[in-house]
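Undergrad: Here is my input, please return the structure:
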Amino acid sequence: SILAGAFAGSHITSITLPSNFTRIEDGTFRNCVDLKSITIGKNITYIGASAFEGCTSLESVTFEQGGTQALTIGAKAFKDCTALKSLTVPHRLRDGGEEITKTHYYDWMDEYQPDTFVCGGPGIGESAFENTGIVTVEFEEKPAAGISDAAYNGKTLSIGDGAFKNCKNLTNVTLPSYISNSGEFYNKEDILKLPDPFTDEDKWALEYKTYYCIGAYVFYGCEKLTTVTLPEKIGTTYAWGFSETSDAVIGEHAFENCTALTNIGYVQDGNYVWPSYLSIIKSYAFANSGLKEVVLPYAENDWGEVIKYCVDDYAFYGCKSLVNFELHGEMSNINGDYGKPVLGEYAFAECTALKTVIFDDMYAIMDGAFENCRALQKVKITFRDSNIWTSITEYRCVGKNAFKNCSSLTLAEIGGDLETIEAGAFEGCSSLMSIEIPNGVITVASAAFAGWTAAQKITVPFADAGSIPTGYVTGWNGNATIVYKG
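TA: Predicted structure coming up:
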């Protein structure tokens, strides 16, 4: 390998490394502003942090074919390479790092066993290609001739935070089937200090980091990005076969401000279909993006379990072109809060073109989820059956201002075991002439239907005014006419 920073700031124009080189260390060619091309040899396994950062004339990065060892690209490796226009990523790019093995003492069975810790990071490090001039990114789907996927020992690829952030010219990305959430990566110094043998308590005290399939801010601000093509399935290839992933994560702000983005998914019959494995959508993931329609399909994993989706706070906030959103499946947990599957706060707020929303399985709609969706016309939401997870019934609710100012809403079908409607939930829904409150609702906050007029009707599951529970707080209905159904 070459020493870290060895050629930093020099005036070299091209590089072809010897075939026996295996590493390009941190900062080796940083700020080589005259460098125009680099060929990465097939035996290179590591491109260090900031290795080519600031090489503003770099136009060509070629990865030599035929390598059998996994390759990892460090943080900021090609950051600010503004002349770089295209990138074909080799199939051997995988998460990785140094492996350290120590002896684990399992006191509960009085036995010693080896335990291996990986000290490394994602295959594409944080901000690796941030602010480059890249127009297209393609990941090789198949290995080089004569090499098997199993050669990479079950390693997958996660994309580090901000990897392609602010690539203003990027238009198309094709991701491979070996992308996945990462495993656990430890700090090397912590592992070296770990006793040998070590106990369960020693291991529990260690800090580690995992990386998302598509990390936070990965494509943030890629304002010309129109298409992200994904495989139909992703997972890990072992010697014994392929293990499918069903809980891939899109990190916070991953596609925020991608205003031209209209297509994401795998191609089927000429259309882009959202893959069911892309099931966890973190906060602001698609905020202010150009998506027009999102349909999360019903699906089951390899074990026959229904895929569970997570739509976190502000996930689609301000998507001005989004017209239709459907979720056919079950909701999952957000923010690591086990057992509280809800639609996040302001998840679709300010989606001013949104017309139709369908959720087949809902536990709670949090505050402001659809606030100011003034074009929204139809809402169909089924709340989860009360015989499931009854210990958290307080989350069967429509939150504060959830549909506030949805002034075009004409149909709201709310079914299942809803229990609470919070203040302002349907405030300003001036076109919604009638709504039926489900049987299980026991609390409706004051001003839940603020601004409703006598021409609007609310049907309640009670025989008369005297039968309405005290949980229906004075002023809950605004001036709407109450229709008794019981």
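Undergrad: so residue 320 sits in a strand?
TA: No. Assessed with DSSP: H, G, I helix; E, B strand; the rest coil, residue 320 is coil; it does not lie in a strand.
Undergrad: Count the residues that sit near it.
TA: 14 (other Cβ atoms under 10 Å). C-betas here are computed from N, CA, C, even on glycine.
Undergrad: sec struct for the closest residue to residue 247 other than its chain neighbours, please.
TA: Nearest residue to residue 247, sequence neighbours excluded (Cβ to Cβ, 6 or more residues apart in numbering): residue 279, at 5.6 Å. Secondary structure, three-state DSSP: residue 279 is strand.
Undergrad: Now for residue 279: which residues touch it?
TA: Residues in contact with residue 279, defined by Cβ atoms under 8 Å, 6 or more residues apart in numbering, are 246-248, 296, 307-310, 332.
Undergrad: Dump those into TSV; add distance to residue 193 and neighbour count as well.
TA: As requested, these are exported to TSV (distance: Cβ to Cβ, whole Å; neighbours: other Cβ atoms under 10 Å):
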residue	distance to residue 193	neighbour count
246	36	21
247	33	17
248	33	21
296	44	21
307	41	21
308	38	17
309	40	24
310	36	21
332	37	18
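Undergrad: can you redo those as JSON lines with secondary structure?
TA: As requested, the contacts of residue 279 are arranged in JSON lines below (three-state DSSP):
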{"residue": "246", "secondary structure": "coil"}
{"residue": "247", "secondary structure": "coil"}
{"residue": "248", "secondary structure": "strand"}
{"residue": "296", "secondary structure": "strand"}
{"residue": "307", "secondary structure": "coil"}
{"residue": "308", "secondary structure": "strand"}
{"residue": "309", "secondary structure": "strand"}
{"residue": "310", "secondary structure": "strand"}
{"residue": "332", "secondary structure": "coil"}
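Undergrad: Show me where the protein dips below the pLDDT cut-off.
TA: 1, 145-146, 148-151, 153, 237-242, 332-341, 385-395, 486 (pLDDT under 70).
Undergrad: Specify the beta-bridge partners of the residue most central in space within it.
TA: Centroid-nearest residue in the chain, with Cα atoms, centre = their mean: residue 250, separated by 1.2 Å. Residue 250 has these beta-bridge partners by DSSP bridges: residue 214, residue 281.
Undergrad: and the nearest residue to residue 31 once chain neighbours are set aside, what does it touch?
TA: Once flanking residues are discounted, residue 31 sits nearest to residue 54: 4.1 Å by Cβ to Cβ, 6+ apart. Each residue near residue 54 by Cβ under 8 Å, 6+ apart is listed here: 30-33, 79-81.
Undergrad: Just the buried ones from the residues you listed, in PyMOL syntax?
TA: Restricted to buried positions by 16 or more other Cβ atoms under 10 Å, the PyMOL selection for the contacts of residue 54 reads:
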select buried, resi 30+31+32+79+80+81
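Undergrad: Quick one: the contacts of residue 54 as CSV, columns for secondary structure too.
TA: Below are these laid out as CSV (three-state DSSP):
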residue, secondary structure
30, coil
31, coil
32, coil
33, coil
79, coil
80, coil
81, coil
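Undergrad: which one of the contacts of residue 54 sits closest to residue 439?
TA: residue 79 (57.6 Å; Cβ to Cβ).
Undergrad: before we move on, the earlier item: can you verify my assumption that the residue nearest to the centre of the chain contacts residue 274?
TA: No. At 11.0 Å, residue 250 does not count as touching residue 274 under the criterion of Cβ atoms under 8 Å.
Undergrad: Look up how far residue 348 lies from the closest residue to residue 328 other than its chain neighbours.
TA: Using Cβ to Cβ, 6+ apart and skipping the chain neighbours, the partner closest in space to residue 328 is residue 298 (4.1 Å). Applying Cβ to Cβ, to the nearest Å, the value for residue 298 to residue 348 is 20 Å.
Undergrad: do the same with residue 263
TA: Taking Cβ to Cβ, one finds residue 263 at 20 Å from residue 348.
Undergrad: just residue 304 next, same as before
TA: Taking Cβ to Cβ, one finds residue 304 at 31 Å from residue 348.
Undergrad: Dump the C-alpha coordinates for the host helix or strand of residue 114 into CSV.
TA: Using DSSP states H and E, residue 114 falls within strand 111-121. Extracted in CSV, the C-alpha atoms of strand 111-121 (Å, rounded to 0.1, in the frame of the first residue of the first chain):
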residue,chain,number,x,y,z
GLU,A,111,-18.7,-22.8,27.9
TYR,A,112,-16.0,-21.0,25.9
GLN,A,113,-16.5,-20.2,22.2
PRO,A,114,-14.8,-17.9,19.7
ASP,A,115,-16.6,-14.7,18.8
THR,A,116,-15.6,-12.5,15.9
PHE,A,117,-16.0,-8.7,15.8
VAL,A,118,-15.9,-6.6,12.6
CYS,A,119,-14.3,-3.3,13.0
GLY,A,120,-15.2,-1.4,9.8
GLY,A,121,-18.2,0.2,8.1
